[in-house]
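Student: The following comprises the amino acid sequence and a computationally predicted model.
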Amino acid sequence: MLFHSFTFLVFAALFFCAWPLMRKRNASRWLFLVAASFLFYGWWRWEFLFLLLASGFLDFFAGLAIERFFRMRRLFLAISILGNVGVLVAFKYLDFLVGNLNALFGWASTSHQLGPYNLTLPIGISFYTFQSMSYTIDVYWEKIKPTRNPLHYFAYLSLFPQLVAGPIIRASHLLPQLTREQPTSEAQRWDGLRLITHGLFKKVVIADNLAPVVSQAFQADSVVGSSPFWWVMATMFAVQVYCDFSGYSDIARGLARWMGYDFPLNFNHPYIASSFKDFWGRWHISLTGWFQDYIYVPLTLSPWYRKYIYRPLKGHQRTSILGHPNLWVTLLISGLWHGAAWKFVAWGGLMAFYMHFEQVTNWPARLRRLPFGRIAVSIVLLAQIWVAWVVFVSPSLGRALEIIGTLFNFRLLNFWPIWTISEIALVAMSVSILREAYFFLKLDQLAWMHRRWRAQLDPAVVGLMIAGCIYLRGPGSAFIYFQF
């Protein structure tokens, strides 16, 4: 079910009509949430509900076993992690691995070939497996106590607003909320409406109007020989992927508000960041936090890592490209998480290079000391991010390198292809840029503006956005992150 579809509108209307009656007691609340969430997920392919059930029961019982059988807790944690990662590998990476093995067989001049298996990728599998694993790991680390009610656990794991594209909610944040009746206040209901409207506007007006133009440019048979054109295209995709994904997160948070629950902020204006570290603290915050807490930090603190990898490095090597292998491993895994293709691995490697270079040189702080340094930092930072997005969206690494070469070939300054771009796509891009400029200039922090105008302007802005969602929506498409 897509949030911006008529089917979901009917589903949500029925859900919120029944919700005040069903939330009174824990048993009825959890049963209703699980049934509604399973209907929401199974509407696409009901058979994949069995995969969700298998992953959920694996970690539910693993959590109980970790607490009860203390001496065997590592075994049960390993079973949980291997089970979840195994499911991901089977459905998401099997054909990628087989394709690379077949390429090696061809290089070795052998006739043996495997596959392909062409398994359908279940929507949201990367999100709910990560959320499920985080529960087991937190139980192992004794950060939380395991729940003993499977309905309580599945209400946490499968809650429909965030089930298929995040945010990835920690059990310590959501499980306690699910044990309480959460009557909503007028302020919560208004905040929920505002978030849902903002999210829908980002998706159907901005992202969906940009999507056909971006797809046509990057999927074309040949690369347009114009540097300005590709800078505009890179900007359009940067706006599209941000509005598409943050739009989904906004809708999910708004629906949660209407249910009386609180979901953490997942995007915090990442394109106004002052460094790459700041960017990753603003972009897909729940996933970034997951990789940091469950891969980067454990790897850094691992005695094996410190003894055999970090300590053998000499002083000058620790500030070289080899100095932070934990950072490289984390971001390469992050890249592979986004898709089973070498371009995503390259995207993760490029982000790791950016982060490591920033750690070694501290260039944003140095550049900020110059006149207009903050603006210069933003320009350099966004140019690097745009290059990474080109790698991300291009159909292949070869095409990405060709486009990047055109981006920086300033002899190709012909502007004519820009005038062929759809006017509504250019307007959609400009609206998003102006919105981010508003926050970059910190106009939202002007107290007098907030006091005098916020209460009067908010209803008008929401009304205009609703009208835009009705009359200016682009061609309908699934959310980008459904493929991950």
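Tutor: All right, it came through fine.
Student: List the residues that contact residue 395.
Tutor: Residues near residue 395 by C-beta atoms under 8 Å, 6 or more residues apart in numbering: 218, 219. Quick note: C-beta positions are derived from backbone N, CA and C, even for glycine.
Student: The chain should start at 59 in everything you say after this.
Tutor: Sure, I'll start numbering at 59, so the last one becomes residue 453.
Student: sec struct for residue 464, please.
Tutor: Look at residue 464: counting by DSSP: H, G, I helix; E, B strand; the rest coil, its state is helix.
Student: Excluding covalently adjacent residues, which one is nearest to it?
Tutor: Using C-beta to C-beta, 6 or more residues apart in numbering and skipping the chain neighbours, the partner closest in space to residue 464 is residue 288 (5.3 Å).
Student: Relative to residue 271, how far out is the one you found?
Tutor: Using C-beta to C-beta, to the nearest Å, residue 288 is found at 13 Å from residue 271.
Student: Which of those two has more residues huddled nearby?
Tutor: Between residue 288 and residue 271, counted using other C-beta atoms under 10 Å, residue 288 has the larger neighbour count: 26 against 23.
Student: my read: the more buried one touches residue 461, true?
Tutor: Yes: in this structure, residue 288 is within contact of residue 461 by C-beta atoms under 8 Å, at 5.6 Å.
Student: Touching both of these two, which residues are there?
Tutor: The contact sets of residue 288 and residue 461 overlap at 281, 448 (C-beta under 8 Å, 6+ apart).
Student: In terms of helices and strands, where is the residue nearest to residue 464?
Tutor: Per DSSP states H and E, residue 288 falls inside helix 285-317.
Student: for that helix, the distance to its chain's centre please.
Tutor: Put simply, helix 285-317 sits 10 Å off its chain's centre (C-alpha atoms, centre = their mean, to the nearest Å).
Student: Need phi/psi at residue 206.
Tutor: phi -110, psi 0 (degrees, to the nearest 10).
Student: picking that back up, what score does the residue nearest to residue 464 have for pLDDT?
Tutor: Looking at residue 288, its pLDDT is 94.
Student: List the residues that contact it.
Tutor: Contacts of residue 288 (C-beta under 8 Å, 6+ apart): 281, 282, 448, 461, 464, 465.
Student: can you do 6 Å?
Tutor: Listed by C-beta atoms under 6 Å, 6 or more residues apart in numbering, the contact set of residue 288 reads 461, 464, 465.
Student: nearest spatial neighbour of the most centrally placed residue in the chain, skipping sequence neighbours?
Tutor: Taking C-alpha atoms, centre = their mean as the criterion, residue 342 is the residue nearest the geometric centre of the chain, at 4.7 Å. Nearest residue to residue 342 in three dimensions, chain neighbours excluded: residue 324, at 6.3 Å (C-beta to C-beta, 6+ apart).
Student: Next, count neighbours for the one you found.
Tutor: Neighbours of residue 324 using other C-beta under 10 Å come to 26.
Student: repeat for the one 5 residues further on
Tutor: Residue 329: 21 surrounding residues under other C-beta under 10 Å.
Student: so it touches residue 494, yeah?
Tutor: Yes: with contact defined as C-beta atoms under 6 Å, residue 329 counts as touching residue 494 (5.3 Å).
Student: so residue 189 makes contact with residue 226?
Tutor: Yes: assessed by C-beta under 6 Å, residue 189 is found in contact with residue 226 at 5.1 Å.
Student: Take the contacts of residue 288 and write them to a markdown table, including neighbour count.
Tutor: Formatted as a markdown table, the contacts of residue 288 follow (neighbours: other C-beta atoms under 10 Å):
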| residue | neighbour count |
| --- | --- |
| 461 | 21 |
| 464 | 18 |
| 465 | 21 |
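Student: wait, which of the residues you listed is closest to residue 68?
Tutor: residue 461 (42.2 Å; C-beta to C-beta).
Student: element containing the closest one?
Tutor: Using DSSP H and E, residue 461 sits within helix 455-465.
Student: Give the buried residues for the helix or strand that comes right after that helix.
Tutor: Going down the chain from helix 455-465, the next helix or strand is helix 481-498, by DSSP H and E. Judged by neighbour count (16 or more other C-beta atoms under 10 Å), helix 481-498 contains these buried residues: 483, 484, 486, 487, 489, 490, 493, 498.
Student: Just read off the phi/psi values of the residue nearest to residue 342.
Tutor: Residue 324 adopts backbone torsions of phi -110, psi -20, taken as degrees, to the nearest 10.
Student: any idea how far it is from residue 406?
Tutor: Residue 324 is 20 Å from residue 406, where distance means C-beta to C-beta.
Student: just residue 263 next, same as before
Tutor: For residue 263 relative to residue 406 (C-beta to C-beta), the value is 31 Å.
Student: Same question for residue 467.
Tutor: Applying C-beta to C-beta, the value for residue 467 to residue 406 is 26 Å.
Student: Repeat that for residue 177.
Tutor: Relative to residue 406, residue 177 is positioned 23 Å away (C-beta to C-beta).
Student: the more surrounded of those two?
Tutor: Using other C-beta under 10 Å as the criterion, residue 177 and residue 406 rank with residue 406 on top: 24 against 12.
Student: doesn't residue 391 make contact with that one?
Tutor: No: under the criterion of C-beta under 6 Å, residue 406 is not in contact with residue 391, lying 7.2 Å apart.
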